[in-house]
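Student: When you get a sec, could you give me coordinates for this:
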Amino acid sequence: MRNIKNLGLMVVGMLAFQSCETERTAQPLSAPTVATGDVGCLQERAMRETAIELISGGNLNVDEFGVVLSDSATSTVPTRANKFQKATATKVGIAKINVASLTPSTRYYYRAYATNYLDTVYGEIKSVVTPAITRAPIVETPTVDSITTSTAKIMVNIPDNGGLPVTTRGICWARTPDPKLTANTAKDVVAGSGLYSLKANTMLPNTLYYVRGYAINCKGTSYGPETTFTTAP
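Tutor: Predicted structure coming up:
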């Protein structure tokens, strides 16, 4: 009888110990953590490549992760009740989201959000103003100087960036008309609009070449009119 009583006390003690261990190791429920990044390409009717980051999902599964936004006439503090766009995945890390159907010349407030079972949280509020109109850049006809048997100095001007920053500019040349980026190219180390010069090289002596400039913004790629020159004999 005494042995049965002792066994019962041991079982009760073990259960109590397990209960204490569970309380000590259990983690409290927590909400996700997010951060709001910048818009990669702002167009008149779209925010493309808007960066948002899911820093932590808390200790629960994240049900939604994305960006919310509102125009200044609606609210300066956007929530899930306003316009939103969800990311395709809810993994920890950075996502880039495209938001369409915007209005030109309008200020929008946006921020990242994430939802789990416990709560919906939001990141820092940022704002942008959509431009009135955007298009690919305008590139002018190049001028050619300092021609040798295998090189030439090419000068190009970009008078209009199309309402968006020019991210890449350069020249392309070939022995046939209408050279493109698939032909011989040289890229400027500096971006932006304005005048620049680059060297076309590795050409054949006494040969006719076609050359033109190009410029890229997030709306597209533009080529300028081509010109021709002949390398020295």
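
Student: Which positions in stretch 95-102 come out as buried?
Tutor: Residues of stretch 95-102 classed as buried: 95, 97, 99, 102 (neighbour count, 16 or more other Cβ atoms under 10 Å). Every residue, glycine included, has its C-beta placed from N, CA and C.

Student: Is the first one in contact with I55, as I believe?
Tutor: No: distance between A95 and I55: 11.9 Å, which falls outside the contact criterion (Cβ atoms under 8 Å).

Student: now the buried residues of stretch 95-102 as JSON lines including secondary structure, pLDDT and distance to R111?
Tutor: What follows is the buried residues of stretch 95-102, written out as JSON lines (DSSP: H, G, I helix; E, B strand; the rest coil; pLDDT from 0 to 100; distance: Cβ to Cβ, whole Å):
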{"residue": "A95", "secondary structure": "strand", "pLDDT": "95", "distance to R111": "14"}
{"residue": "I97", "secondary structure": "strand", "pLDDT": "95", "distance to R111": "12"}
{"residue": "V99", "secondary structure": "strand", "pLDDT": "96", "distance to R111": "12"}
{"residue": "L102", "secondary structure": "coil", "pLDDT": "96", "distance to R111": "16"}
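
Student: which element is I216 on?
Tutor: I216 is part of strand 208-217 when elements are defined by DSSP states H and E.

Student: Would you mind pulling up the elements that the helix or strand that that strand is followed by packs against?
Tutor: Next helix or strand after strand 208-217 toward the C-terminus (DSSP H and E): strand 220-223. Here strand 220-223 touches strand 208-217, going by 3 or more Cβ pairs under 8 Å, 6 or more residues apart in numbering; DSSP states H and E.

Student: burial count for A73?
Tutor: Look at A73: counted by other Cβ atoms under 10 Å, it has 9 neighbours.

Student: again, but for V139
Tutor: V139: 24 neighbours (other Cβ under 10 Å).

Student: Kindly report the same for N59.
Tutor: For N59, using other Cβ under 10 Å, the count is 12.

Student: One more: T230?
Tutor: The burial count for T230: 14, using other Cβ under 10 Å.

Student: Over to the one 3 residues further on?
Tutor: P233 has 7 neighbours, counted by other Cβ under 10 Å.

Student: change the start of the numbering to 80 and stick with it
Tutor: I'll keep to 80 as the first residue from here, and by that count the last item is P312.

Student: Just list the residues touching it, thanks.
Tutor: 228, 284-285 (Cβ atoms under 8 Å, 6 or more residues apart in numbering).

Student: Could you list every helix and strand in contact with the strand holding I295?
Tutor: strand 231-237, strand 247-253, strand 299-302, strand 306-309.

Student: Output the first one in PDB with nothing but the alpha carbons.
Tutor: I take that to be strand 231-237. Output of strand 231-237 as PDB, limited to C-alpha atoms (Å, rounded to 0.1, in the frame of the first residue of the first chain):
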ATOM      1  CA  ALA A 231      36.000  56.800 -82.800                       C
ATOM      2  CA  LYS A 232      34.600  59.300 -80.300                       C
ATOM      3  CA  ILE A 233      30.800  59.400 -80.200                       C
ATOM      4  CA  MET A 234      29.000  62.300 -78.600                       C
ATOM      5  CA  VAL A 235      25.200  62.000 -77.800                       C
ATOM      6  CA  ASN A 236      22.700  64.200 -76.100                       C
ATOM      7  CA  ILE A 237      19.600  63.200 -74.200                       C
END
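
Student: Within the sheet, what are the partner strands of it, with directions?
Tutor: strand 222-224 (antiparallel), strand 273-279 (antiparallel) (DSSP bridges).

Student: Return the most buried member of those.
Tutor: Sort those by mean neighbour count, taking mean count of other Cβ atoms under 10 Å, and strand 273-279 sits at the top with a mean of 16.
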